[in-house]
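Participant: with the input below, show me the fold.
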Amino acid sequence: MATRIDKEACREAYNLVRDDNSDICWASFKYDGSTILPGGHGSDYEEFKNQCTDDNRLFGFVRITTGDAMSKRAKFTLITWIGENVSGLQRAKISTDKTLVKDIVQNFAKEFMISDPRELEEDYLRTELKKAGGANYDAQAE
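Facilitator: Numbers count the residues shown, from 1 in each chain. Okay, the predicted model is just below:
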């Protein structure tokens with residue numbers, strides 16, 4: 001059976017993260033059978049990390065504040081989480097299902113495919129986003 005996505009509900013979660021007037025910094029999109037649905041959202045990144053278990057596969061849209069002495073700005077990332085115990089068929093399917101998510105989650109600076117919990121650390125993601133972000137005036141102070 002082909003995977004479907006609840007576009008309206010997922011778009012609503014996506015827009016909450018993009019909203020500069022909102023404290024929401026992450027939204028997850030999970031599988032319910034063959035349908036991708038919002039899996040939650042919140043203002044504490046640790047809550048998102050807790051959803052990324054060894055038996056789970058999901059997508060996350062995360063806002064991370066980056067910047068340097070000259071400016072602070074929000075950067076967005078799309079995370080594909082594939083737990084260590086996810087079956088080979090589900091691992092293969094998530095690559096094609098990601099196109100459904102990308103129809104909604106269109107604006108992000110960097111994309112990650114992660115199965116190691118250490119790569120979910122916020123400092124790691126921030127460092128990678130800084131590398132992708134161009135000018136880094138903090139480098140002058142190092």
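Participant: only C-alpha atoms for contact and neighbour calcs from this point on.
Facilitator: Will do.
Participant: the strands in the chain, which residues?
Facilitator: 4-5, 26-32, 35-42, 57-67, 72-82, 110-114 (DSSP state E).
Participant: ok, and the closest non-adjacent residue to M1?
Facilitator: Using Cα to Cα, 6 or more residues apart in numbering and skipping residues adjacent in sequence, the residue nearest M1 is S34, 7.0 Å away.
Participant: where does that neighbour fall, phi/psi-wise?
Facilitator: Per-residue torsions, S34: phi -110, psi 20 (degrees, to the nearest 10).
Participant: roughly how far does it sit from A2?
Facilitator: 7 Å (Cα to Cα, to the nearest Å).
Participant: neighbour-wise, which of these two wins?
Facilitator: More crowded of S34 and A2, by other Cα atoms under 10 Å: S34, with 13 against 7.
Participant: wait, isn't the more buried one in contact with Q90?
Facilitator: No. The pair S34 / Q90 is not scored as a contact, 10.8 Å apart, by Cα atoms under 8 Å.
Participant: any idea of the angle the top helix by length along the chain forms with strand 35-42?
Facilitator: The longest helix of the chain (DSSP state H) is helix 88-102. With axes from the mean of the first three to the mean of the last three Cα atoms, to 10 degrees defining the directions, helix 88-102 sits at 70 degrees from strand 35-42.
Participant: list the buried residues for helix 88-102?
Facilitator: Residues of helix 88-102 classed as buried: 91, 94, 97, 100-101 (neighbour count, 16 or more other Cα atoms under 10 Å).
Participant: now, among those, which is nearest to P38?
Facilitator: When the buried residues of helix 88-102 are compared for distance to P38 (Cα to Cα), V101 wins out at 10.6 Å.
Participant: got any ranges where the protein has weak pLDDT?
Facilitator: Applying pLDDT under 70 to the chain picks out residues 68, 133-142.
Participant: for the residue nearest to M1, what are its contacts?
Facilitator: With contacts defined as Cα atoms under 8 Å, 6 or more residues apart in numbering, S34 is in contact with 1-4.
Participant: what distance do you get for it to F112?
Facilitator: Applying Cα to Cα, the value for S34 to F112 is 23 Å.
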